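Participant: sequence plus the predicted model coming up.
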Amino acid sequence: MNQTPIVENLKKGIIEFLILSFLNEKEMHIYEIMNCLDELSGGACKITFPYGAIYRLSDNGYITESKKRIVDNRRRQFYAITDEGRVYLKQMKSEYEAFMTGVNKILSTLDGENENDR
């Protein structure tokens, strides 16, 4: 299914927010990030190409390559959140919560109006 640019942009922003949230807890490698997104969301936040988000976050100085380690007999690049990334994450979380509160108010109002029309 092809997604509209609006849906793609929404997903990009949320995925970046979630990646920063994971990295705020601990350093992770890309496949660990992908698995967490998939498992913790029940498959709703599955991504097949996470490198775009990683590169955008890295280019903006929000994450950095921390170290390379061997995991499961494979060399893995680990990523860590930077101090700038923590500041940005805090700002994103605040904006996300305020925005979603507003969206939920609108939707509940519209749902109530729709029920009255029945």
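Facilitator: Yes, it's here. Just so you know, these numbers come straight off a predicted model, no measurement behind them. Numbering: from 1, shown residues only.
Participant: quick one: buried residues of the helix or strand harbouring Glu84?
Facilitator: Counting by DSSP states H and E, the element that carries Glu84 is helix 83-116. Within helix 83-116, the residues that count as buried by 16 or more other CB atoms under 10 Å are 85, 88-89, 92. Using the backbone N, CA and C atoms, a C-beta is placed for each residue, glycine as well.
Participant: so what secondary structure elements neighbour the helix or strand of the chain with the lowest mean pLDDT?
Facilitator: Counting by mean pLDDT, DSSP states H and E, the chain has its least confident helix or strand at strand 63-71, which shows a mean of 84. Using 3 or more CB pairs under 8 Å, 6 or more residues apart in numbering; DSSP states H and E as the contact test, the elements touching strand 63-71 are helix 5-25, helix 51-59, strand 74-81.
Participant: pipe those into CSV and attach mean pLDDT, distance to Asn104 and mean neighbour count per row.
Facilitator: Below are the helices and strands packed on strand 63-71 laid out as CSV (pLDDT from 0 to 100; distance: least, CB to CB, whole Å; neighbours: other CB atoms under 10 Å):
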stretch, mean pLDDT, distance to Asn104, mean neighbour count
helix 5-25, 92, 16, 15
helix 51-59, 95, 26, 15
strand 74-81, 90, 28, 16
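Participant: turn these into TSV, columns for distance to Cys45.
Facilitator: TSV is the format used below for these (distance: least, CB to CB, whole Å):
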stretch	distance to Cys45
helix 5-25	7
helix 51-59	11
strand 74-81	17
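Participant: that older thread, neighbouring strands for the least confident helix or strand of the chain, and are they parallel or not?
Facilitator: strand 74-81 (antiparallel) (DSSP bridges).
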